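Student: got a sequence here, can you build the structure:
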Amino acid sequence: MGKFEAFLGVNPWTALLTLANTIALFLVLKKFLFKPVMKMIEDRQHEIDTMYDEADQAKQNALSIQAEYEQKLSVATETSEKMVKEAVARGKNREEEIIRQARADAAAIMDKASADIAQEKKKALNDAKDEISGIAMSIAEKVVGRQLNDADQSKLVDQFINELGDGV
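Tutor: I've put the predicted structure just below:
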């Protein structure tokens, strides 16, 4: 082997020991370096995957909350529109009721005023009748020269008023 060493310039024992050292170094590095590094990379990958899953879940949560919010907002809008419509309808009904009541009150006031006018007219006619009867009695007593009883007096007054009413 002397020629072989001289040709290659390498001692086979040195090459074999170098190879054994390299294999031993590889095994030691695999045990103490590669496995922990690979475990750390896997843990980091798992952590990243978990973060992506949580982000997707949070996104889905946000979308469902947004849909729920939009649905509640839609219901609230519909409810508020319904309440406004009901309030407007109640307002119109109340307006109509107030107008009806005002008209009824006005009609009652007009009826009372008409009754008061009729009563005052009747009272005025009675007062005028009494005055006229007094004057007519005085004139009749002077003309006739005698005292009239109540029946005659009433008859003359009615006759006078009827004639007066026909002339007017």
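Student: distance of residue 139 relative to residue 160?
Tutor: If you measure residue 139 against residue 160 using CB to CB, to the nearest Å, the figure is 10 Å. The C-beta positions use only the backbone N, C-alpha and C, and glycine is treated the same way.
Student: er, residue 32 I mean
Tutor: Taking CB to CB, one finds residue 32 at 149 Å from residue 160.
Student: comparing these two, which shows the higher neighbour count?
Tutor: Legend: neighbour count by other CB atoms under 10 Å for residue 32 and residue 160, higher for residue 160 (17 against 10).
Student: what about the closest residue to that one other than its chain neighbours, neighbour count?
Tutor: Distances taken as CB to CB, 6 or more residues apart in numbering put residue 136 closest to residue 160, at 5.4 Å, once the chain neighbours are dropped. Residue 136 has 19 neighbouring residues, counting by other CB under 10 Å.
Student: tell me the SS of residue 136?
Tutor: For residue 136, the assignment made with DSSP: H, G, I helix; E, B strand; the rest coil gives helix.
Student: list the contacts for it?
Tutor: Residue 136 makes contacts with 156-157, 160, as judged by CB atoms under 8 Å, 6 or more residues apart in numbering.
Student: out of those residues, who's nearest residue 21?
Tutor: Nearest to residue 21 among those, counting by CB to CB, is residue 157 at 161.4 Å.
Student: for residue 118, see how far away the closest one is.
Tutor: Going from residue 157 to residue 118 by CB to CB gives 22 Å.
Student: quick one: which of these two has more around it?
Tutor: Per other CB under 10 Å, whichever of residue 157 and residue 118 has more neighbours is residue 157, with 18 against 10.
Student: the more buried one is in contact with residue 129, isn't it?
Tutor: Yes. Counting by CB atoms under 8 Å, residue 129 is a contact partner of residue 157 at 6.5 Å.
Student: what segments of this structure are helices?
Tutor: Along the chain, counting by DSSP state H, helices occupy 2-8, 12-29, 35-144, 150-167.
Student: what's the mean pLDDT across the first one?
Tutor: Per-residue pLDDT values across helix 2-8 average out to 62.
Student: what bits of the chain have low per-residue confidence?
Tutor: Applying pLDDT under 70 to the chain flags the ranges 1-8, 10, 140-148, 164-168.
Student: from residue 132, how far off is residue 163?
Tutor: Residue 163 is 11 Å from residue 132, where distance means CB to CB.
Student: more neighbours: those two, which one.
Tutor: Ranked by neighbour count (other CB under 10 Å), residue 163 and residue 132 place residue 132 first, with 15 against 10.
Student: thought the more buried one was touching residue 162?
Tutor: No. Contact criterion CB under 8 Å: residue 132 and residue 162 do not qualify, at 11.8 Å.
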